[in-house]
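Show me the folded form of this:
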Amino acid sequence: MKKPKVERLLERDHGSKFPEESLPIVKDEFSIETTKCFSAFRETLKLQFQELEQPLQEFLNLAILGVCQGFEERNLDPGLPEHREVFSHVIKDVKGLIQKIPVPSNGKELQSLKKQVFDFGTQWVYYLDWKLYMSKELY
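The predicted structure is shown next:
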C-alpha cells in the first residue's frame, strides 16, 4: 500500500468520480466514536486553529474528521502514541496544499475538494494500519 500523497488533491477530476449526492459532508452522518475523536482533537488544537484563516480551518477540520472516521473504520485507537502521528502528517500536508492553491469558488468544485480532503485523512489511517499491522501479518 502506498502512502497517501496530498498532490493527488490537485488533480482536478480526481474528486469528480464521487456521485454528486455524496459530496456534502453532514456531521450527523458520523458515529459517536468519530464525533468524540474529532471533538477531543479539536479541543486540543483549538488555539492553533483559531489563528488560521477560515477556509484553511474548514479544510483542516474536514481532514481531521476523515482521520477520525478512518480510525473507526479500521477499529484503531486514535489515542495510542504510534497512531497520533497521522494527525500531524495530515495537518502538515493539508496546510501546505491549501496555502498553495486558490480555493475554488465554484460550489461543485469546492464540494469536490472538501470530499477529497476528508478522504485524504481517512486514507492516511488506512496507510497507518497497513504500515503498523497488516503488512507484518502478511509477511
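
Backbone dihedrals for residue 51, both of them.
Dihedral pair for residue 51: phi -80, psi -10, per degrees, to the nearest 10.

pLDDT averaged over the lengthiest helix in the chain - what is it?
As assigned by DSSP state H, the longest helix anywhere in the chain is helix 107-129. Mean pLDDT, helix 107-129: 93.

May I see the buried residues of that helix?
For helix 107-129, burial by neighbour count (16 or more other C-beta atoms under 10 Å) applies to 111-129. No exception for glycine: its C-beta is placed from N, CA and C like everyone else's.

so where's the protein uncertain?
The model of the chain has pLDDT under 70 over residues 1-3, 5-28, 137-139.

Okay, buried residues for stretch 87-104 please.
Across stretch 87-104, burial judged by 16+ other C-beta under 10 Å covers 87, 89-91, 93-95, 97-98.

list the contacts for residue 124?
Residue 124 sits next to 4, 67, 70, 86, 89-90 when contact means C-beta atoms under 8 Å, 6 or more residues apart in numbering.

let's see it at 10 Å
Going by C-beta atoms under 10 Å, 6 or more residues apart in numbering, residue 124 touches 3-4, 6, 63, 66-67, 70, 85-87, 89-90, 93.

Likewise for residue 73?
Contact partners of residue 73, counting by C-beta under 10 Å, 6+ apart, are 31, 34, 122, 125-126, 129.
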